[in-house]
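A.B. asks: what shape does this take:
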Amino acid sequence: MRARLPDPAPIPEAPAGMPLDAVLESTTPLVARGLAAHWPAVLAANRGPLDAIAYLRGFANDAVPATATIAPPDAGGRIFYDASMRGFNFRREQVSAGVALATLARELDNTSAPMIYLGATTLDTWFPGFALDNRIDFGDRAPLASIWIGNRTRVPAHHDLPDNLACVVAGRRRFTLFPPDQIDNLYIGPLDVTPAGQPVSLVDPAAPDLARFPRFVDAWARAQVAELGPGDAVLIPSLWWHAIDALDGVNVLVNYWWRRAPDWMDAPLNALMAGLLAIRQLPAHERAHWKRMFEHYVFDADDTTAAHIPETARGVLAPFDEAGAANLRRVLRQRLER
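C.D. replies: Residues are numbered from 1 along each chain as shown. Predicted structure coming up:
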């Protein structure tokens, strides 16, 4: 049963005059209309898609091949699994940025063109100089800037560990966001075999199969949606699920990722995978004990957790710094390799 669901709520918009730092500190999504409207890249895109391509071509570093994701027309632009879910409905090729841009220009008016997508391409590597002419003031944050270029694409709902400011440069994009707590209702696919690095929802929001995924109705009730054009931006806080549809023949987006934690902290997904290995298949009473251990030492930990132990003897229960984290990684590697 594929159903049309009611329109979701819009993503709230940042009030006019709201300081950028306040937008970036938000823990809920916000749309910032016109945030990048002054960018030369956006001004070029407003003149037309070929002007946007020409502007990017002026920065393209063709000496370093980029990874292009290519799917046949019958994929409908959706970057997803194949029918077996052991592979994918696309292939990857190494191409220069210039070749990718030329292909987009050639296929601009072809509504049955294959999908082509350059995703998570590090901005300063493949388009050096672009960031100097198209700036956002992040204060003391040091985000990783990436550029995403393609034609009509649909990226399934997934989440990222860092906070994310996504700025539309060319074309229109639809962002569909779900709160982190909707994991039960989004039917997340495999953790270790994924289309693009992060686990994704198996539900197609454009045509949800409610017989197979009935709880998606509850996720949709919490969804927030916005359509953004050139110069608009959206803040996607850490761990918010987001599906992104690129709606035009040429679409360009620049995004910035940063964490509110030190760079030396590990990825929590690694801890989850270790938990699957070490805890998931224990007897129920043992899992309950380890759940309480994690609550005590991780989720509910505070200054009292190890207060009864002399500071010099607290070991891994002491607050970490970069050196302590590196030492624990060495210990964990040794234990995992036994």
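
A.B. asks: quick check: phi and psi at residue 9.
C.D. replies: Torsion angles at residue 9 (phi, psi; degrees, to the nearest 10) stand at phi -70, psi 150.

A.B. asks: with adjacent residues omitted, what lies nearest to it?
C.D. replies: Once flanking residues are discounted, residue 9 sits nearest to residue 224: 5.3 Å by C-beta to C-beta, 6 or more residues apart in numbering. Backbone N, C-alpha and C define where each C-beta goes, glycine included.

A.B. asks: next: residue 95.
C.D. replies: residue 68 is the one closest to residue 95 (C-beta to C-beta, 6+ apart), at 4.8 Å.

A.B. asks: quick one: residues contacting that neighbour.
C.D. replies: If a contact means C-beta atoms under 8 Å, 6 or more residues apart in numbering, then residue 68 has 92, 93, 94, 95, 100, 116, 117, 118 as its contacts.

A.B. asks: can you name the residues bridging to it?
C.D. replies: Beta-bridge pairing for residue 68 (DSSP bridges): residue 93, residue 118.

A.B. asks: count the residues that sit near the closest residue to residue 76 other than its chain neighbours.
C.D. replies: Nearest non-adjacent residue to residue 76, counting by C-beta to C-beta, 6+ apart: residue 154, 6.9 Å away. Other residues lying near residue 154 total 20 when counted by other C-beta atoms under 10 Å.

A.B. asks: can you check residue 212 too?
C.D. replies: The burial count for residue 212: 12, using other C-beta under 10 Å.

A.B. asks: which pLDDT value belongs to it?
C.D. replies: Residue 212 carries a pLDDT value of 96.

A.B. asks: now it. Its backbone dihedrals?
C.D. replies: Torsion angles, degrees, to the nearest 10, at residue 212: phi -90, psi -30.

A.B. asks: about what we covered before: any of the contacts of residue 68 buried? List them.
C.D. replies: In the contacts of residue 68, burial by neighbour count holds for 95, 100, 116, 117, 118, counting by 16 or more other C-beta atoms under 10 Å.

A.B. asks: which of these sits closest to residue 6?
C.D. replies: When the buried ones among the contacts of residue 68 are ranked by distance to residue 6 (C-beta to C-beta), residue 117 comes first, at 30.0 Å.

A.B. asks: mind listing what that closest one touches?
C.D. replies: 68, 69, 70, 79, 148, 149, 150, 151, 153.

A.B. asks: turn the residues you listed into CSV, columns for distance to residue 109 and secondary structure.
C.D. replies: Conversion of the contacts of residue 117 to CSV gives the following (distance: C-beta to C-beta, whole Å; DSSP: H, G, I helix; E, B strand; the rest coil):
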residue, distance to residue 109, secondary structure
68, 20, strand
69, 21, strand
70, 19, strand
79, 23, coil
148, 22, strand
149, 18, strand
150, 16, strand
151, 11, coil
153, 17, strand
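
A.B. asks: quick one: the strands in the stretch 201-338 of the chain?
C.D. replies: 224-228, 233-236, 241-246, 251-258 (DSSP state E, counting those that start in this stretch).

A.B. asks: neighbouring strands for the first one, and are they parallel or not?
C.D. replies: When pairing is defined by DSSP bridges, strand 224-228 lines up against strand 9-10 (parallel), strand 173-178 (antiparallel).

A.B. asks: which single one of the buried ones among the contacts of residue 68 is nearest to residue 137?
C.D. replies: Of all the buried ones among the contacts of residue 68, residue 137 sits closest to residue 118, with 26.3 Å by C-beta to C-beta.

A.B. asks: buried residues in stretch 109-129?
C.D. replies: In stretch 109-129, counting by 16+ other C-beta under 10 Å, buried: 113, 114, 115, 116, 117, 118, 119, 121, 123, 126, 127.

A.B. asks: return the subset of those lying in strands.
C.D. replies: 115, 116, 117, 118, 119, 121 (DSSP state E).

A.B. asks: reformat those residues as JSON lines; add pLDDT and distance to residue 175.
C.D. replies: Conversion of those to JSON lines gives the following (pLDDT from 0 to 100; distance: C-beta to C-beta, whole Å):
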{"residue": "115", "pLDDT": "96", "distance to residue 175": "19"}
{"residue": "116", "pLDDT": "96", "distance to residue 175": "21"}
{"residue": "117", "pLDDT": "96", "distance to residue 175": "16"}
{"residue": "118", "pLDDT": "95", "distance to residue 175": "19"}
{"residue": "119", "pLDDT": "90", "distance to residue 175": "15"}
{"residue": "121", "pLDDT": "88", "distance to residue 175": "19"}
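
A.B. asks: nearest to residue 269, of these?
C.D. replies: residue 119 (19.1 Å).

A.B. asks: so what's the closest one closest to, chain neighbours aside?
C.D. replies: Closest to residue 119 by C-beta to C-beta, 6+ apart is residue 148, at 5.3 Å.

A.B. asks: quick one: which of the ones in strands among the buried residues of stretch 109-129 is nearest residue 241?
C.D. replies: Looking across those and measuring by C-beta to C-beta, the closest to residue 241 is residue 119, at 17.3 Å.
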